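>>> the following comprises the amino acid sequence and a computationally predicted model.
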Amino acid sequence: MNIHVDAEKCTGCQLCIKACPYGAIEMAEGLATITEACTLCGGCVSVCPVGAIIWEVPAIEEVDTSDYQGVWVIGEVGEDGLAGVTWELLGKGRELAENLDTELSLVVLGDKAGELAQKAAQSGPDRVFYAEEP
Ligand code: SF4
Ligand code: SF4
């Protein structure tokens, strides 16, 4: 794990335990211990008054995007079909796709996705991908 407690610094104040939304910190022999339940959200780091929580954020590797193409919008599916924000994103996605001279695609996942995808196909995206599953 990329996070640990520096035993030399930890005073056992337990502030980090209260701050962790995942219940991932336990006390052991007066020291905070981060367990496997940690999601690496980083929420506890700034709470520690003595800087005892060491969180090593992995370096982000530079990604070569030269082979990537297309703009995808992931549709938000609500009880009444595609949520309004999806249409807004399709509008912005269209602008972006035109600027990049590429295709705009919509992805629809969930119950009745096929039906929703068919309707959405008439409203702007060049392609619609869907997977139907409640
Ligand atoms: S990084 Fe997040 S999940 Fe992990 S111990 Fe800290 S607050 Fe809890
Ligand atoms: S907040 Fe810092 S000093 Fe307090 S128990 Fe957690 S790690 Fe130790």
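Received the coordinates, thanks. Numbers count the residues shown, from 1 in each chain. Ligands and ions are numbered 1, 2, ... in the order given.
>>> now the most centrally placed residue in the chain. Its backbone dihedrals?
Geometric centre of the chain, nearest residue: residue 41, 11.0 Å, by CA atoms, centre = their mean. When read as degrees, to the nearest 10, the backbone of residue 41 gives phi -70, psi -20.
>>> who's in contact with it?
Neighbour list for residue 41: 21-22 [criterion: CB atoms under 8 Å, 6 or more residues apart in numbering]. From N, CA and C alone the C-beta is placed, and that goes for glycine too.
>>> ditto for the one 4 residues further on
Listed by CB under 8 Å, 6+ apart, the contact partners of residue 45 are 3, 53, 55.
>>> tell me the contacts of the first one?
Spelled out, it's residue 3. Contacts of residue 3 (CB under 8 Å, 6+ apart): 34, 38, 40, 42, 45, 53-56.
>>> quick one: the strands in the protein?
For the chain, the strands defined by DSSP state E cover 3-5, 25-28, 31-34, 53-55, 71-74, 77-78, 81-82, 104-110, 127-132.
>>> avg pLDDT for stretch 81-91?
What stretch 81-91 shows for mean pLDDT is 90.
>>> CA atoms only: put it into PDB for me.
The C-alpha trace of stretch 81-91 is given here as PDB (Å, rounded to 0.1, in the frame of the first residue of the first chain):
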ATOM      1  CA  GLY A  81     -34.800   7.500 -19.700                       C
ATOM      2  CA  LEU A  82     -31.600   9.400 -20.500                       C
ATOM      3  CA  ALA A  83     -31.000  12.200 -18.000                       C
ATOM      4  CA  GLY A  84     -31.000  15.800 -19.300                       C
ATOM      5  CA  VAL A  85     -27.300  16.100 -18.700                       C
ATOM      6  CA  THR A  86     -26.700  13.500 -21.300                       C
ATOM      7  CA  TRP A  87     -28.100  15.700 -24.000                       C
ATOM      8  CA  GLU A  88     -26.100  18.700 -22.700                       C
ATOM      9  CA  LEU A  89     -23.000  16.500 -22.900                       C
ATOM     10  CA  LEU A  90     -23.800  15.400 -26.400                       C
ATOM     11  CA  GLY A  91     -24.000  19.100 -27.400                       C
END
